[in-house]
Structures are given as structure tokens and as C-alpha cells.
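Asks: Sequence and computational prediction follow.
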Amino acid sequence: MKLDHKGIGMTSQRTRDRLILRLQQMGIQSDTVLEVIRNAPRHIFVDEALASRAYENTALPIGFNQTISQPYIVAKMTEALLENGAPDKVLEVGTGCGYQTAILAQLVGKVYSIERIDALLCRARERLSTLKFRNIRLKHGDGNHGWPEHAPFNGIIVSAAPVGVPQTLLQQLAQNGRLIIPVGKSGQQKLLMITRIDDGYQEEQLDLVSFVPMLEGVG
Ligand code: SAH
């Protein structure tokens, strides 16, 4: 597939380099994560009408009242997940357009991703198969329940915010596994990194964030 068909302007190296510089300025340090983001064709994950803005460091609408996450947030969550080495098996809750899924698939062994809105999942599936990923499994469902058949996971990334951390996701974390999750009501959310340790869980706050709410059931 020709990824550059919409013109050199928005997919040019300079536009992407500018995004990477911005992410570095905001504190992202992992060269591995930055390189994967630099090379990821974010413009194919948004509507054509918005493609010219795909390499800005902003969230953009993807339909159904949802957004593609801001590149800084994708970088921050991915960097936190990989801090102690690349996890083998990762669960993602909230596939959305599939952008974060594509980033993860290049950095971890296998990605299991759940989305509650079927139409978004279908489009994500098409894009990800066009890009020829072989280590991604997608499922239509409610991520509050995790994916018990494939648990435990070495890492879990949640890209919608519940009001509290779902117990089920904590239970599906492997020993030393990490859960990266935004928690709280709209306007007052914290991005948390929760690590499963011998006798429980260790929690660290990474940032203040603004995510769409994590909902119950399927859309
Ligand atoms: N990483 C995605 C983020 C999309 S926004 C991207 O960059 O495109 C968050 C997504 O979480 C939305 O698509 C929303 O439908 C989904 N979502 C919200 N609650 C959910 C739940 N309980 N289970 C699965 N997906 C959920």
C-alpha cells in the first residue's frame, strides 16, 4: 500500500520529526518508542478530512463521540509499559481506531485488544490487516471484563477512563505485570501505573489526563 498518497506535506519527514521533537520536549525519553511513533502512518487512522492534522500532537475525532489519543499520551503510556523491558503479552482496552494497537504491536510480543463499538473495531481491523500485523487479536466486547481466556497479561493499557480501577483487570495482571490506566471523572483524571508485586499492587501517578469515559456493556 502506498502510504504517502495524500501528498508530501503531511507525511513528510519534517512534519514527523517536528512531532518527535515535541514529544521529547514534553519528557518522552525512550528512543525505541519515539522511533516507532516517528514511522507510524497516523494519517491512515483518521478520516481523510483530518489527515492533514494527523501529525499534530492532538487528539482528533474518530466518530461515535470517540477520539484517537494524543500522540504524547500514546508515547507516555507505551513508555511506562516498557520501562522494565518489553512485555510479552499485552491487553489493550479501547481499540478505537487502532493507532495505539499498531504502536504496541511493534514493541511487544502479542497484543489482545477489546473495543465496545463494533463499527470502530471493524475499521481498525481493516487498517491493521492492511498494515500486515500478525501479532494482534481484536475482540468486540466490554473491556471491564478483560479477556480471561488469554490472562494473565504482562501489561494492560486502558485508553478510556473508568471512575475506579476495575478489579477484574488487576486480577488479570501477571506477577510484575503493569496496568497503565486513566482513572477518575471527566476533568479530574489521573494516569496511573499499577504494578503487581509479591504481596499486592504498587501504584504511581504518571500525569493528569483527559480521556473519554470507560463505559459498561457493548455499543
Ligand atoms: N487508543 C485509541 C483510543 C480510542 S478512545 C485510539 O487511539 O484510537 C477510547 C476507546 O475506548 C473508544 O473507542 C471507546 O469506544 C472505547 N471504550 C470505552 N469503554 C470501553 C469498554 N468498556 N470496553 C472496550 N472499549 C471501551
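Replies: All right, it came through fine. Just so you know, these numbers come straight off a predicted model, no measurement behind them.

Asks: Could you use CA atoms for every contact and neighbour count after this?
Replies: Will do.

Asks: Now find how far off-centre the helix or strand hosting residue 79 is within its chain.
Replies: Residue 79 is part of helix 71-82 when elements are defined by DSSP states H and E. Offset of helix 71-82 from its chain centre (CA atoms, centre = their mean, to the nearest Å): 8 Å.

Asks: For that helix, which helices and strands make contact with it?
Replies: Where contact means 3 or more CA pairs under 8 Å, 6 or more residues apart in numbering; DSSP states H and E, helix 71-82 is packed against helix 13-25, helix 31-39, strand 153-158, strand 173-183.

Asks: show me the contacts for residue 98.
Replies: Contacts for residue 98 were tallied using CA atoms under 8 Å, 6 or more residues apart in numbering; they are 45, 121, 124, 125, 127, 128.

Asks: any idea how far residue 50 is from residue 56?
Replies: 11 Å (CA to CA, to the nearest Å).

Asks: what sits in contact with each of the two?
Replies: With CA under 8 Å, 6+ apart, residue 50 and residue 56 have no common neighbours.

Asks: quick one: which of these two has more around it?
Replies: Taking neighbours as other CA atoms under 10 Å, residue 50 and residue 56 compare with residue 56 leading, 17 against 14.

Asks: contacting residues around the more buried one?
Replies: residue 19.

Asks: now it: how far from the ligand?
Replies: For residue 56, the distance to the ligand equals 14 Å [CA to the nearest ligand atom, to the nearest Å].

Asks: wait, is that residue part of a strand?
Replies: No - under DSSP: H, G, I helix; E, B strand; the rest coil, residue 56 sits outside any strand and is assigned coil.
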